[in-house]
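Q: Sequence plus the predicted model coming up.
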Amino acid sequence: MLALRNGTVELFAVVLIGILGLLLPILLPVNAVLLFLLSAYFYGFSMVDYV
């Protein structure tokens, strides 16, 4: 259940950052960093189950 919630939160955040990138193209370098950090956070969070 936790994985489903995290997947939903990550998907919502990625879509939101993508829409911001479409509306404000000047923020695209920041968006790239935000997307990397967001995916790294959720990837690391999913690895907590296995450690």
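A: Looks like it arrived, so ask away. Numbering: from 1, shown residues only.

Q: The strand or helix carrying residue 8 packs against which elements?
A: Counting by DSSP states H and E, the element that carries residue 8 is helix 2-23. Applying 3 or more Cβ pairs under 8 Å, 6 or more residues apart in numbering; DSSP states H and E, one finds that helix 2-23 contacts helix 28-47. The C-beta positions use only the backbone N, C-alpha and C, and glycine is treated the same way.

Q: Just the CA coordinates for the helix it packs on, please, in CSV.
A: Once non-C-alpha atoms are left out, helix 28-47 reads as follows in CSV (Å, rounded to 0.1, in the frame of the first residue of the first chain):
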residue,chain,number,x,y,z
LEU,A,28,14.0,24.0,-17.5
PRO,A,29,17.5,23.6,-16.0
VAL,A,30,16.0,23.7,-12.5
ASN,A,31,13.3,21.2,-13.6
ALA,A,32,16.0,18.7,-14.6
VAL,A,33,17.6,18.9,-11.2
LEU,A,34,14.3,18.7,-9.4
LEU,A,35,13.3,15.6,-11.5
PHE,A,36,16.6,13.9,-10.7
LEU,A,37,16.3,14.7,-7.0
LEU,A,38,12.7,13.6,-6.9
SER,A,39,13.4,10.3,-8.6
ALA,A,40,16.5,9.7,-6.4
TYR,A,41,14.4,10.3,-3.3
PHE,A,42,11.7,7.8,-4.2
TYR,A,43,14.2,5.3,-5.5
GLY,A,44,16.1,5.4,-2.2
PHE,A,45,12.8,5.3,-0.3
SER,A,46,11.9,2.1,-2.1
MET,A,47,15.2,0.5,-1.3
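
Q: Check which helices and strands that helix sits against.
A: Under the contact definition 3+ Cβ pairs under 8 Å, 6+ apart, helix 28-47 sits against helix 2-23.

Q: At the geometric centre of the protein, which residue do we find?
A: When Cα atoms, centre = their mean is applied to the chain, the residue found nearest the centroid is residue 38 (3.6 Å).

Q: My guess is that one contacts residue 15. True?
A: No. Shown here, residue 38 and residue 15 do not form a contact pair, counting by Cβ atoms under 8 Å, at 11.4 Å.
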